[in-house]
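J.: Whatever this is, show me its structure:
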Amino acid sequence: MSILELHAFPASPPSRAVHMALDLLGLEYNYVEVAVLDGATRTPEYLSMNPQHTVPVLTDGNLVITESRAAMTYLVSQHKPGLLYPACAKKRSQIDQRLYFNIGTFYSRMGDCVYPVCFGKTKTILRRRKMH
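T.: Below is the predicted model of the structure:
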């Protein structure tokens, strides 16, 4: 059995989500901190593992997962089946629906507001017009 390895940036919400899933499941893993702000995701070594140059990256032997929600569902399905990610397709669809909303809508919009402030691009968050 291979040792899991999480390549992550502590301030990254997706990295923290996988980190919390590993801890919640009580799994043994190596944590590799990635210095994102210093360009560590753009090194040839990192790009060979994840050409998208994003965090987190979860490895399990030769399996490489470069998306946090896929990593979390893999972990619960592989190591604790049925515990947090049900086998019942109807129940699982409700979890998937929220995971997909998170990546497709919520996280993107949150990032549009928060990241410019965090990275010093602006000091205010503009109010978005209501969509009809």
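J.: And residue 95, how close does it get to residue 87?
T.: Per Cβ to Cβ, to the nearest Å, residue 95 is found 12 Å from residue 87. C-beta: built from backbone N, CA, C; applies to glycine.
J.: any weak-confidence spans in the protein?
T.: The chain contains residues with pLDDT under 70 at 1, 102, 104-107, 127-132.
J.: ranges for the helices of it?
T.: With DSSP state H as the criterion, the chain has helices at 13-24, 44-49, 68-79, 89-101, 107-118.
J.: hang on, the earlier thing: who has more neighbours out of residue 95 and residue 87?
T.: Just comparing residue 95 and residue 87: by other Cβ atoms under 10 Å the higher neighbour count belongs to residue 95, 16 against 9.
J.: Not counting sequence-adjacent ones, nearest residue to the more buried one?
T.: Leaving aside its chain neighbours, residue 95 sits nearest to residue 85 (6.3 Å; criterion: Cβ to Cβ, 6 or more residues apart in numbering).
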